[in-house]
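# Take this sequence and fold it.
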Amino acid sequence: MKNEVTYKCKNCGAERKELIVKAGFLPLLAVGLFVLWVVCMSFGLRFGMEVAVTEQVNKGWGLFAFLATFIPFFLGVFVERFSDRNSEVCICAAVVAEDGRIARGHRHGDCFQHIANEWKIKPKIDVDGQGFITSRNRFVTRSEGRKLQEAAGIESADKEDGYRGHTLFSEDLY
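Sure thing, here's the model as predicted:
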């Protein structure tokens with residue numbers, strides 16, 4: 001939408017014309033989402049998110065993979081910035097592969113699937129190979145994750161069963 005506005009100087013009487021362009025809602029929304037996507041990708045790669053996640057988005061997983069990957073990450077950034085600086089909490093599930101790379105995901109099963117299908121290697125099946133990524137981008141085991149959650153005073157998200165045993169499950173996070 002274009003509007004032409006004419007201004008007249010009070011002192012000398014000269015006229016000046018300006019063209020005002022008003023953008024609609026949808027173009028502004030598209031630009032805003034694109035900027036958000038670029039910021040998320042740069043933060044994700046800078047803070048250690050696996051490049052494989054970017055490959056998933058590029059392969060057509062689209063918005064679902066993008067949100068499923070970055071919402072837990074930004075939740076961790078939010079928790080770290082706006083809560084007690086000394087508290088460290090678990091933000092997403094993680095599994096260590098045989099070569100030492102760490103796959104992150106919503107649930108541990110997602111991590112196992114990513115390691116097998118995308119990286120074409122075997123995950124560590126033992127207990128120490130399964131854990132969580134913390135708000136400080138650190139891998140911790142299930143038992144250490146449980147201790148962190150309790151120290152931060154966070155209750156289990158699983159309202160039916162609550163925490164089970166001395167280990168943490170992804171169902172306890174969200």
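# How about V95, nearest residue that isn't a chain neighbour?
C111 (3.7 Å; Cβ to Cβ, 6 or more residues apart in numbering). Just so you know, the C-beta spots here come from the backbone N, C-alpha and C atoms, and that holds for glycine as well.
# SS state for the one you found?
helix (DSSP: H, G, I helix; E, B strand; the rest coil).
# Quick check: the gap between it and K147.
21 Å (Cβ to Cβ, to the nearest Å).
# Among these two, which residue is more densely surrounded?
Neighbours were counted for C111 and for K147 using other Cβ atoms under 10 Å; C111 has more, 25 against 13.
# Could you list which residues are in contact with the residue nearest to V95?
The neighbours of C111, taking Cβ atoms under 8 Å, 6 or more residues apart in numbering as the test, are A93, A94, V95, A103, R104, G105, P123.
# one more time with 7 Å, if that's ok
A93, A94, V95, A103, R104, G105 (Cβ atoms under 7 Å, 6 or more residues apart in numbering).
# can you check A94 too?
A94 sits next to I102, A103, R104, C111, G131, F132, I133, F139 when contact means Cβ under 7 Å, 6+ apart.
# Find me the pLDDT at the residue nearest to V95, would you?
According to the prediction, C111 has pLDDT 92.
# So it versus K159, what's the distance?
24 Å.
# Residue ranges in this structure under the pLDDT threshold?
1-5, 7, 9-12, 14, 16-29, 37-86 (pLDDT under 70).
# Give me the domain ranges for it.
Following automatic domain parsing, one gets these domains for the chain: 1-46, 51-172.
# How about S170, nearest residue that isn't a chain neighbour?
Counting by Cβ to Cβ, 6+ apart, the residue nearest S170 is A93, at 4.2 Å.
# strands paired with the helix or strand hosting the one you found, and their directions?
For A93, the host element (DSSP states H and E) is strand 90-96. Strand pairing for strand 90-96, using DSSP bridges, gives strand 102-105 (antiparallel), strand 130-134 (antiparallel).
# May I have that strand as PDB, with CA atoms only?
Extracted C-alpha coordinates of strand 90-96, given in PDB (Å, rounded to 0.1, in the frame of the first residue of the first chain):
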ATOM      1  CA  CYS A  90      18.500 -30.600  32.700                       C
ATOM      2  CA  ILE A  91      16.900 -29.300  29.500                       C
ATOM      3  CA  CYS A  92      16.800 -32.300  27.000                       C
ATOM      4  CA  ALA A  93      17.600 -36.000  26.600                       C
ATOM      5  CA  ALA A  94      21.000 -37.000  25.200                       C
ATOM      6  CA  VAL A  95      22.800 -40.200  24.200                       C
ATOM      7  CA  VAL A  96      26.500 -40.700  23.500                       C
END
